[in-house]
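Undergrad: only geometry, no sequence info:
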């Protein structure tokens with residue numbers, strides 16, 4: 001049996017493309033995971049400190065949760081955005097076993113549209129593995145996009161035009177008071193109706209939502225199987241269960 005599989009790493013191929021896989025050996029499928037993190041000036045202080053710590057704590061929990069799926073290999077990257085969007089970890093995907101989260105600082109505005117354009121480029125057919133699993137994309141922000149409105153709406157529309165943009169598990173976590181961020185705007189990114197927008201009013205909620213979203217999305221994508229004839233036989237539109245209710249202490253709000 002010969003496996004022909006694009007590895008999704010800068011358009012290259014694994015050894016599995018040309019070398020027969022012995023019977024009984026598990027062929028690992030790639031799951032690409034993207035953090036899209038707001039590091040604008042409004043995120044300074046407790047918000048960015050909690051975000052940094054929460055993602056660091058979430059990584060080993062994702063590893064533990066997907067250990068039950070030996071056929072899955074997770075690669076993780078991170079996009080940061082303020083006045084512009086750039087790679088925080090990347091552009092090359094990093095195996096989750098080697099992934100570390102560098103300290104993220106704050107400055108500037110909230111160029112969410114530019115971050116989505118950067119993500120869109122990596123979800124193209126050329127960049128993604130032909131037989132990979134649905135990518136996981138988690139957007140975290142506490143504000144309004146400061147790019148022109150048309151740029152944000154066009155970026156969302158173009159994301160929905162590419163097959164991997166549709167297949168991806170896309171979640172958004174809003175941080176802080178509901179008057180601080182644009183809920184309809186963030187909801188446009190989300191493609192999980194049962195989840196909606198995750199609203200973190202406190203550091204405790206932000207940590208809980210980051211862990212829940214990253215673990216639940218990774219496990220759901222790991223289980224995903226397609227019944228369509230789209231990109232690959234084992235991709236599918238993944239649906240998550242509703243998140244657990246949160247109980248917030250009024251003394252510990254952002």
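TA: Structure's in. What do you need? Please read all numbers here as calculations on a predicted model, not as lab measurements. Numbering: from 1, shown residues only.
Undergrad: For residue 38, what are phi and psi?
TA: The phi and psi values for residue 38, taken as degrees, to the nearest 10, are phi -70, psi 120.
Undergrad: Please name the bridge partners of it.
TA: With DSSP bridges as the criterion, residue 38 is bridged to residue 81.
Undergrad: give the contact list for it.
TA: Residues in contact with residue 38 (C-beta atoms under 8 Å, 6 or more residues apart in numbering) are 81, 82, 110, 112, 140, 141, 142, 143, 175. In this view, the C-beta of every residue, glycine as well, is placed from N, C-alpha and C.
Undergrad: Name the nearest of the residues you listed relative to residue 214.
TA: residue 140 (10.7 Å; C-beta to C-beta).
Undergrad: Identify the residues contacting the closest residue to the closest one other than its chain neighbours.
TA: Excluding the flanking residues, the one nearest residue 140 by C-beta to C-beta, 6 or more residues apart in numbering is residue 173, at 4.7 Å. By C-beta under 8 Å, 6+ apart, the contact set of residue 173 is 138, 139, 140, 141, 197, 198, 199, 200, 206, 209, 210, 213.
Undergrad: Quick one: the contacts of residue 38 as TSV, columns for secondary structure too.
TA: Below are those laid out as TSV (DSSP: H, G, I helix; E, B strand; the rest coil):
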residue	secondary structure
81	strand
82	coil
110	coil
112	helix
140	strand
141	strand
142	coil
143	coil
175	strand
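Undergrad: just to revisit the earlier point, among the contacts of residue 173, which lie within helices?
TA: Cross-referencing these against helices under DSSP state H gives 206, 209, 210, 213.
Undergrad: Spatially, which two of those residues are the most separated?
TA: Checking those with C-beta to C-beta, the most distant pair is 206 and 213, at 10.6 Å.
Undergrad: Mind checking which of the two has more residues around it?
TA: Between residue 206 and residue 213, counted using other C-beta atoms under 10 Å, the more crowded position is residue 206 (26 against 23).
Undergrad: hang on, residue 65 packs against residue 221?
TA: No. Taking contacts as C-beta atoms under 8 Å, residue 65 lies outside contact range of residue 221: 11.3 Å.
Undergrad: Looking at the two, which one has more neighbours?
TA: residue 221 (28 against 16).
Undergrad: Now do the contacts for the more buried one.
TA: Neighbours of residue 221 in contact, by C-beta under 8 Å, 6+ apart: 31, 133, 134, 135, 136, 169, 238.
Undergrad: and residue 106, what helix or strand is that in?
TA: Here residue 106 sits in a region with no helix or strand, counting by DSSP states H and E.
Undergrad: Around residue 194, count how many other residues there are.
TA: 9.
Undergrad: Could you measure from the residue nearest to residue 94 when sequence neighbours are not counted over to residue 147?
TA: The shortest distance from residue 94 to any non-neighbouring residue, by C-beta to C-beta, 6+ apart, is to residue 76 (5.6 Å). With distances taken as C-beta to C-beta, to the nearest Å, residue 76 is found 25 Å from residue 147.
Undergrad: Tell me which of these two has more neighbours.
TA: Each of residue 76 and residue 147 has its neighbours counted (other C-beta under 10 Å); residue 76 has more, 26 against 22.
Undergrad: partners of the more buried one in the sheet?
TA: residue 33, residue 94.
Undergrad: any idea how far it lies from residue 90?
TA: Distance from residue 76 to residue 90, by C-beta to C-beta: 9 Å.
Undergrad: likewise residue 141?
TA: Taking C-beta to C-beta, one finds residue 141 at 19 Å from residue 90.
Undergrad: the more surrounded of these two?
TA: residue 141 (28 against 18).
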